[in-house]
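J.: test case, fold it:
(2 chains)
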Amino acid sequence: MKILVTCKRVPDTDQKIHVKEDGGGIDDSNLAYVLNPFDAIAVEEALRIREEYQTNDEIQIVAVGVGVADYESELRTALAMGADRAILVESTAIMDPWTVANTIAAVVARESPDLVLMGKQAVDDDANQTGQFLAALLQWPQATFASNIRFGGLGLQVARETDQGIEEIEVPLPAVVTADLRLNEPRYASLPSILKARKKEIEIIAHTDLQVDADPKLEVLSMKSEISQRSCVMLDNVNSLIEIIRP
Amino acid sequence: MKTLVITESDESDIRLGSLSAIAFAQSLPEAQLDTLCVADVFGENPTADSHAAVIAAAVNQKSYELVVAAATTYAKDVVARAAGLCGGSMASDVISHRFDGDQLLLDRPMFAGAVTATVTLSSIPRFITVRASAYNPVERSIVDNLNSLDTESLDVDYSDVPCAHWKSLASRASHRPDVTEAKIVVSGGRAFKSTEDFERLVGGLADGLGGAAGSSRALVDAGITPNDLQVGQTGKIVAPDIYIALGISGAVQHLAGMKNSKTIIAVNTDPDAPIFSVADFGLVGDVYEVVPQLIAELNG
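T.: Take a look at the predicted model:
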């Protein structure tokens, strides 16, 4: 069995994001990057599946990134956590969820995984589209916003977080599953495993070699920073608060 | 613009968010609206795989140029898949729009709301989910009028799509409105130590004000509140008339879900908590002391 896990490189969420003065994008001069937190959850889930279900039939975990050469660092994070190998589809082109989904579909065609695990969204563009696009392109069933995954029945039993509560669905494989916050808490890689990960293979594929025929559909024209204009009136006592909220 | 609005209903009535999606669609020039509630089509296997196939078939057969829905977990799941079946031209969580000539410009938040990006979609059909709190809902009578027009049947075969199978929904019975639909939202954070305390204090104040009870991520993670109460970047986005944040420190991810509320009131023991930077009124205090007094005043 093979599990493909997608890994996006995103600015660390602990820093302030500033837009360039000309509004042409974010100021990335001093940004630190991390593996997208939702993708880290997806990697962790793949590891837990391997730990729980691996028998004589080996479960192989392949981390995939699509982007610039710097992505290697986030793929090394996935390898240090325990992924077996990694693939970087290298490109400097501006991509949207559609081009990324098409690129991953091309990787799926080469790798033939039984399951693709992804974060439900990337915390930079917050699009929440790539997993659904990929499932549509592959014509595979999807289970988005997963908060629990077990093998059973026709394939997977997945609990999904919805606006109405927790939904349970049964998903035949192969399938695309996207991870929500409460699926698990990702492990920190130990120093030995970080060192070991340096020796693991990262296969580099030039994006042009995949012959992905998909232009971006979403173009970002400009950006601006959102800064709170509010000034807070501090109240002295509960009675003043009651005056404000009393209907 | 030939537009299909994907609506959702709540037992008997159309959801408020869908009324906001209709408002967005109606504001476009030469709006020509049809509505489709896929859940009405079939109930036995309501998963994204089959629903998206139905939406894509409708778009192809009727040549819709635009598909609109409110950015709920349903639309994020289903409409995004339908967009993937129809060429991947999609913008999610749109909060405002305008035209530059005949080019439709869409504003959408990124980086947990720290940035607003103006985007365009290059190909038709375009799929757009709108943030319900950013568009005033249309009157329900408008929907009744739309529905009184011809209802058309489409023949859709999705039998060759491998589908997930729906098993169950653990829906929490609540007498309170949904956080996305209430005019007043009272939310609790890490300060609350148990489900009972949350229910008595956050729930009690929400009931006293006729509002909804919401929660920060910390309480959902701790199992104190259910996931559908979570307000934030990855939970529900709200913009009520009054948002009362009780014992919530104000992580960026939480602020992303509520900072556009009309009036924000925060109670926290830490005078430096970031929640005060987005609040209109603040009180430094312990929610276990402040909230019982508020409830007593309201009930007295």
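J.: only C-alpha atoms from now on, for both contacts and neighbour counts.
T.: Will do.
J.: what is the least confident helix or strand in chain A?
T.: Of all helical and strand segments in chain A, the minimum by mean pLDDT, DSSP states H and E falls on helix A:238-245, at a mean of 91.
J.: residues in contact with the residue most central in space within chain B?
T.: For chain B, residue B:72 is the residue whose C-alpha lies nearest the centre (Cα atoms, centre = their mean; 4.6 Å). By Cα atoms under 8 Å, 6 or more residues apart in numbering or on different chains, residue B:72 lies in contact with residue A:163.
J.: is any residue of the least confident helix or strand of chain A near chain B?
T.: Yes. With Cα under 8 Å from any Cα of the partner chain as the measure, helix A:238-245 is seen reaching chain B through A:238, A:241-242.
J.: which of those residues ranks first by neighbour count?
T.: Neighbour counts for the residues of helix A:238-245 next to chain B (other Cα atoms under 10 Å in any protein chain shown) peak at residue A:241, which has 20 neighbours.
J.: how about the nearest residue to that residue, chain neighbours excluded?
T.: The shortest distance from residue A:241 to any non-neighbouring residue, by Cα to Cα, 6 or more residues apart in numbering or on different chains, is to residue A:235 (7.0 Å).
J.: give me the mean pLDDT for the top strand by length along chain A.
T.: As assigned by DSSP state E, the longest strand anywhere in chain A is strand A:142-152. The average of the pLDDT scores along strand A:142-152 is 96.
J.: state the number of residues packed around residue 104.
T.: Here I'm looking at chain A. Neighbour number of residue A:104 under other Cα under 10 Å is 25.
J.: um, chain B though
T.: 14.
J.: wait, is it part of a helix?
T.: No. Residue B:104: not assigned to a helix; according to DSSP: H, G, I helix; E, B strand; the rest coil it is strand.
J.: isn't it right next to residue B:120, touching?
T.: Yes. Counting by Cα atoms under 8 Å, residue B:104 touches residue B:120, with 6.5 Å between them.
J.: is the top helix by length along chain A in proximity to chain B?
T.: Assignment by DSSP state H gives helix A:37-53 as the longest helix of chain A. No. Between helix A:37-53 and chain B, judged by Cα under 8 Å from any Cα, nothing touches; the nearest distance is 10.4 Å.
J.: off-centre distance for that helix?
T.: Offset of helix A:37-53 from its chain centre (Cα atoms, centre = their mean, to the nearest Å): 12 Å.
J.: re the thing from before, what does the least confident helix or strand of chain A contact?
T.: A:235, B:283, B:290, B:293-294, B:297-298.
J.: and for stretch A:142-150?
T.: By Cα under 8 Å, 6+ apart, stretch A:142-150 touches A:120, A:131-132, A:135, A:156-162, A:169, A:171, A:175-184, B:48-49, B:77, B:164.
J.: picking up where we left off before, of the contacts of helix A:238-245 - the most surrounded one?
T.: Within the contacts of helix A:238-245, residue B:283 tops the neighbour count with 25 neighbours, counted by other Cα under 10 Å.
J.: about what we covered before: so which of the contacts of helix A:238-245 are in strands?
T.: Among those, the members found in strands (DSSP E) are A:235, B:283.
J.: please produce JSON lines containing the contacts of helix A:238-245, extended by pLDDT and distance to residue A:196.
T.: Listed next are these as JSON lines, based on pLDDT from 0 to 100; distance: Cα to Cα, whole Å:
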{"residue": "A:235", "pLDDT": "95", "distance to residue A:196": "56"}
{"residue": "B:283", "pLDDT": "97", "distance to residue A:196": "51"}
{"residue": "B:290", "pLDDT": "96", "distance to residue A:196": "53"}
{"residue": "B:293", "pLDDT": "95", "distance to residue A:196": "58"}
{"residue": "B:294", "pLDDT": "95", "distance to residue A:196": "57"}
{"residue": "B:297", "pLDDT": "91", "distance to residue A:196": "63"}
{"residue": "B:298", "pLDDT": "89", "distance to residue A:196": "62"}
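J.: list just the nearest of the contacts of helix A:238-245 to residue B:129.
T.: For the contacts of helix A:238-245, the residue nearest residue B:129 by Cα to Cα is residue B:283; the value is 36.4 Å.
J.: hmm, that closest one is touching residue B:268, no?
T.: Yes. Assessed by Cα under 8 Å, residue B:283 is found in contact with residue B:268 at 6.7 Å.
J.: list residues touching both of those two?
T.: By Cα under 8 Å, 6+ apart, no residue touches both residue B:283 and residue B:268.
J.: how about low-confidence regions in the stretch 101-250 of chain B?
T.: B:147-150 (pLDDT under 70).
J.: got the residues of it near chain A?
T.: By the rule Cα under 8 Å from any Cα, the part of the stretch 101-250 of chain B lying against chain A is B:109-123, B:161-172, B:209, B:221, B:226-228, B:236.
J.: kindly recompute the last result at 6 Å.
T.: B:110-111, B:114-122, B:162-171, B:228 (Cα under 6 Å from any Cα of the partner chain).
J.: so what's the residue count around residue B:22?
T.: 30.
J.: that's a helix at it, yeah?
T.: Yes. Using three-state DSSP, the assignment for residue B:22 is a helix.
J.: residue A:154 touches residue A:172, doesn't it?
T.: Yes. The pair residue A:154 / residue A:172 is scored as a contact, 5.1 Å apart, by Cα atoms under 6 Å.
J.: look at the two and report which has more neighbours.
T.: It is residue A:172, of residue A:154 and residue A:172, that has more neighbours when counted by other Cα under 10 Å, with 21 against 12.
J.: tell me the contacts of the more buried one?
T.: Contact analysis of residue A:172 by Cα atoms under 6 Å, 6 or more residues apart in numbering or on different chains lists A:154-155.
J.: specify the beta-bridge partners of it.
T.: Assessed by DSSP bridges, residue A:172 has beta-bridge partners residue A:155.
J.: for chain A, which segments count as helices?
T.: Using DSSP H, helices in chain A cover A:37-53, A:72-81, A:97-111, A:130-138, A:191-197, A:238-245.
J.: how about the strands in the stretch 201-300 of chain B?
T.: Assigned strands in the stretch 201-300 of chain B, in chain order: B:212-215, B:242-246, B:263-268, B:281-284 (criterion: DSSP state E, counting those that start in this stretch).
J.: ranking these by burial, who's on top?
T.: Ranked by mean neighbour count, the strands of the stretch 201-300 of chain B are led by strand B:212-215 with a mean of 29 (mean count of other Cα atoms under 10 Å in any protein chain shown).
J.: ok, and the closest non-adjacent residue to residue 96?
T.: Assuming you mean chain A. residue A:216 (5.5 Å).
J.: you answered for a different chain; I wanted chain B.
T.: residue B:107 (5.2 Å).
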